[in-house]
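Sequence below, structure please.
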Amino acid sequence: MTQTTSPRTTNQSQTDFSPILVADIGGTNARFAVATDFDIQTNSFVIEHLSIYPSANFSAFEAAIARFLNELDIDRPTRACLAVAGPIKGQQVYLTNLGWQFNAEEVKAEFGFESLLVINDFAAFAFAAPYLDESQNLQIKSGQSQANSNIAVMGPGTGFGAACLARDINGSAVMSCEAGHISLAAVTELDKQLLKVLQANNQHVSIETVFSGPGIVRLYEAMCEVHGQEPEDLSAAEIAAKAPECKMCDATLNHFCDWIGSVAGDLALTFGALGGVYIGGGILPRMTERLLRSRFVDRFSEKGLMSQYTKQIPVTLVTQENIPFIGAAACLHGRGK
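Numbers count the residues shown, from 1 in each chain. This is a model prediction of the structure:
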């Protein structure tokens with residue numbers, strides 16, 4: 001679990017900000033930038049000097065960060081925060097899709113940082129939540145967020161990620177978790193039929209089993225079996241491309257948007273997210289029209305005795321760029337370093 005106090009906002013001047021090297025390290029790209037300031041007017045961090053490198057071009061993380069620092073045309077930042085798509089155990093960081101691993105303390109010493117933090121990419125999303133620009137994102141469920149209440153972030157991509165920004169009047173802390181591996185619950189009759197097929201083919205049917213890139217394929221194959229159709233050998237991208245004319249592809253994506261409403265509502269209850277729910281990841285921002293037409297809102301809200309609770313929670317689809325950078329800056333800056 002990564003924890004921090006609330007980042008400074010209302011009293012932060014623009015003259016005492018020490019630049020922060022921020023990074024978003026994923027299986028495809030290693031993205032680096034510098035948070036050069038905090039802008040009180042926009043209530044967010046100024047992100048500049050962006051560089052994007054294909055991760056496969058480097059044999060180790062140290063080579064990637066060295067490349068960025070060598071090409072940086074300003075004084076090197078003395079502070080750094082890295083958002084990574086991989087597990088962090090103490091000071092050891094593992095990026096399994098790349099075969100990279102590094103020790104945070106050793107990187108700190110090698111590159112001369114006064115402070116260095118490494119956080120999960122969805123923890124960065126949670127840290128960024130208070131600084132998002134409403135005009136750049138899409139509200140998919142209206143509601144009334146409560147000040148100083150918890151915020152949940154989640155989303156399907158290569159896998160399924162989630163985290164919580166826990167808040168009260170004294171400050172805040174980010175709670176990372178493995179919510180993607182929670183057992184997936186069925187609500188409707190179709191859910192139950194699909195779940196039965198999925199359970200026959202998977203040892204454990206988790207949220208991520210369905211709500212991820214590979215999960216779309218599993219859901220499509222299960223949908224075909226439930227309807228007595230022979231599935232084609234399609235990737236997630238091909239299912240999306242064929243959806244307009246393929247009945248089973250269309251039904252798969254529709255149900256993906258419906259069912260994830262129940263999942264999001266469950267996690268909103270789990271985290272007590274009266275401050276709102278923010279959905280990111282690489283999949284749903286590409287399906288906005290379908291998501292808005294779906295039963296997402298109804299299924300998010302339909303929670304029996306707790307339906308009045310979930311009905312008041314707003315849900316935002318985050319399409320704004322540079323979220324990991326904003327979150328990394330907020331994480332380190334919030335520690336007052």
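
drop to CA atoms for contacts and neighbour counts, all remaining ones
Fine.

now stretch 75-85, how far from the centre of its chain.
19 Å (CA atoms, centre = their mean, to the nearest Å).

now do stretch 280-297
Offset of stretch 280-297 from its chain centre (CA atoms, centre = their mean): 15 Å.

ok, residues contacting that stretch?
140-141, 153-158, 160-161, 212-213, 254, 257-262, 317-319 (CA atoms under 8 Å, 6 or more residues apart in numbering).

same thing but 7 Å
140-141, 154-157, 254, 257-258, 260-261, 317-319 (CA atoms under 7 Å, 6 or more residues apart in numbering).

same question, stretch 239-253
219-220, 223-224.

rerun that using 8 Å as the cut-off
With contacts defined as CA under 8 Å, 6+ apart, stretch 239-253 is touched by 216-217, 219-220, 223-224.

picking that back up, just the contacts of stretch 280-297: which are in strands?
Among the contacts of stretch 280-297, the subset assigned to strands under DSSP state E consists of 140-141, 154-156, 317.

Determine which two of the residues you listed are furthest apart.
Lys141 and Pro156 (18.0 Å; CA to CA).

Which one's more surrounded, the two?
The residue with more neighbours, out of Lys141 and Pro156, is Pro156; 23 against 20, by other CA atoms under 10 Å.

hey, what's that one bridged with?
Counting by DSSP bridges, Pro156 forms beta bridges with Phe160.

State the distance from it to Pro324.
As defined by CA to CA, to the nearest Å, Pro156 lies at a distance of 16 Å from Pro324.

Give me the sheet partners of the one helix or strand Leu50 maps to and which way each runs.
Of the helices and strands defined by DSSP states H and E, Leu50 is found in strand 44-54. Paired neighbours of strand 44-54 in the sheet (DSSP bridges): strand 29-39 (antiparallel).

residue ranges for the strands of the chain, please.
20-25, 29-39, 44-54, 79-84, 88-89, 92-95, 100-103, 115-120, 138-141, 151-156, 160-168, 171-176, 277-279, 315-317.

Tell me which strands the shortest one pairs with, and in which orientation.
Taking DSSP bridges as the criterion, strand 88-89 forms sheet pairs with strand 92-95 (antiparallel).

Let me see the mean pLDDT of the partner strand.
Across strand 92-95, the average pLDDT comes to 90.

And for stretch 103-113?
On average, stretch 103-113 scores 96.

buried residues in that stretch?
Neighbour counts over stretch 103-113 (16 or more other CA atoms under 10 Å) mark 104, 108, 113 as buried.

Now distance to Ser301 too, for these, in TSV please.
Converted to TSV, the buried residues of stretch 103-113 look like this (distance: CA to CA, whole Å):
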residue	distance to Ser301
Ala104	42
Lys108	45
Phe113	46
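
Could you list which of those belong to helices?
Judged by DSSP state H, these include 104, 108 as members of helices.

List the buried residues for stretch 201-210?
Counting neighbours by 16+ other CA under 10 Å, one finds that the buried residues in stretch 201-210 are 205-210.

now, which of those residues sits nearest His333?
Using CA to CA, Glu208 comes nearest to His333 of the buried residues of stretch 201-210, at 31.9 Å.

ok, now which ones touch that closest one?
156, 159-160, 180-181, 215.
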